[in-house]
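Asker: One predicted model, sequence on top.
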Amino acid sequence: MTITADLSGKRALVTGASGGFGSHFARVLAAAGATVILAARRVSLLEAVAADIAAGGGRAMTLALDVGNAESVRAALSAAGHIDILVNNAGITNTKAALDQTEEDWDRIIDTNLKGAWLVALETARHMKETGGGSMINIASILGLRQASHVGPYSVSKAALLQLTKQLALEFARYEIRVNALAPGYFATDLNRDYFATDAGSALIKRIPQRRLGNLSDLDGPLLLLASEASRFMTGTVIAVDGGHLLSQL
């Protein structure tokens with residue numbers, strides 16, 4: 001099923017756009033008519049995504065951006081120009097038991113997933129405030145709403161990102177800036193297919209009420225809703241896209 005929206009004339013910045021969710025979001029927004037600004041630390045990885053978008057008739061440009069560095073964020077937003085839509089997607093994780101996590105692990109994940117989202121949102125808001133507003137979409141996770149073993153710093157960062165979403169929604173509303181969040185559940189990617197083929201992975205899938213992993217296309221409708229004027233009276237909202245996983249019994 002193809003889900004469409006008209007974002008013609010809009011400019012969208014997608015952080016962490018070199019792969020995974022980010023590159024998919026960029027393609028979806030471009031297909032809807034937006035000019036997409038692909039941002040990540042390694043521009044070389046963005047070029048293939050931009051070329052793919054251009055081959056499909058879309059418009060894309062690339063931008064070097066380290067979300068955890070305030071100077072990099074300011075420089076990137078200045079170079080980006082007018083932004084109507086921000087997809088705050090850049091994020092990292094690791095898989096370690098709590099007692100094995102180091103201070104460096106904690107700082108790296110929190111600085112990227114939380115501080116980075118905060119820096120990009122604030123700098124984008126300064127521009128949006130002067131140009132009539134826009135839509136910010138923070139990419140969180142259902143692990144910001146419940147717990148799982150061995151991903152402590154990641155879960156904490158995503159829980160804080162959900163609170164940041166609501167806080168900024170409250171403060172930015174006066175500037176016609178909407179701030180909402182998507183909270184994906186478990187999705188099939190090249191990084192996790194082997195795990196979900198194991199007994200442990202299969203057991204996890206069975207705990208999802210829809211009994212399947214998400215496909216990236218399952219995020220298209222929620223993304224386009226929040227990016228478009230269809231959500232003009234929505235702010236501070238968290239949309240879980242998880243096959244009902246949050247409803248499952250502990």
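Answerer: Sure thing, it's come through.
Asker: give me every residue that touches the residue nearest to residue 232 when sequence neighbours are not counted.
Answerer: Nearest non-adjacent residue to residue 232, counting by C-beta to C-beta, 6 or more residues apart in numbering: residue 178, 7.3 Å away. (Each C-beta comes from the backbone N, C-alpha and C, glycine too.) Going by C-beta atoms under 8 Å, 6 or more residues apart in numbering, residue 178 touches 133, 134, 135, 136, 169, 172, 226, 231, 232, 234, 235.
Asker: List of residues touching the host helix or strand of residue 226?
Answerer: Here residue 226 sits within helix 220-227, counting by DSSP states H and E. Applying C-beta under 8 Å, 6+ apart, the contact partners of helix 220-227 are 3-5, 7, 10, 12, 25, 28-29, 32, 34, 85, 87, 135, 137, 178, 180, 182, 230-231, 234, 237, 239, 241.
Asker: Which among those count as buried?
Answerer: For the contacts of helix 220-227, a burial check counting by 16 or more other C-beta atoms under 10 Å picks out 3, 5, 7, 10, 12, 25, 28-29, 32, 34, 85, 87, 135, 137, 178, 180, 182, 231, 237, 239, 241.
Asker: Those in strands, which ones?
Answerer: Cross-referencing these against strands under DSSP state E gives 12, 85, 87, 135, 137, 178, 180, 182, 239, 241.
Asker: now, which of these sits nearest residue 63?
Answerer: Comparing these against residue 63 with C-beta to C-beta picks out residue 12 as the nearest, at 12.0 Å.
Asker: May I have the beta-bridge partners of that closest one?
Answerer: residue 36, residue 85 (DSSP bridges).
Asker: which residues touch it?
Answerer: 26, 29, 34, 35, 36, 37, 83, 84, 85, 86, 87, 227.
Asker: same thing with residue 138?
Answerer: Residues in contact with residue 138 (C-beta under 8 Å, 6+ apart) are 88, 117, 121, 161, 162, 164, 165, 179, 180, 181, 182.
Asker: CA-only coordinates of the helix or strand bottoming out on mean pLDDT in the chain in PDB, if you can.
Answerer: When each helix and strand of the chain is scored by mean pLDDT, DSSP states H and E, helix 193-196 comes last, with a mean of 83. Output of helix 193-196 as PDB, limited to C-alpha atoms (Å, rounded to 0.1, in the frame of the first residue of the first chain):
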ATOM      1  CA  ARG A 193      17.800 -10.200  10.600                       C
ATOM      2  CA  ASP A 194      20.300 -12.800  11.900                       C
ATOM      3  CA  TYR A 195      19.200 -12.300  15.500                       C
ATOM      4  CA  PHE A 196      15.500 -12.600  14.800                       C
END
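Asker: What residues of that helix count as buried?
Answerer: For helix 193-196, the neighbour count (16+ other C-beta under 10 Å) marks no residue as buried.
Asker: Helices of the chain, residue ranges please.
Answerer: If DSSP state H is used as the criterion, the helices of the chain fall at 20-31, 43-55, 70-80, 103-110, 116-131, 152-172, 193-196, 199-206, 220-227.
Asker: now the second one: how far from the chain's centre is it?
Answerer: Going by C-alpha atoms, centre = their mean, to the nearest Å, the spacing between the C-alpha centre of helix 43-55 and its chain's C-alpha centre is 18 Å.
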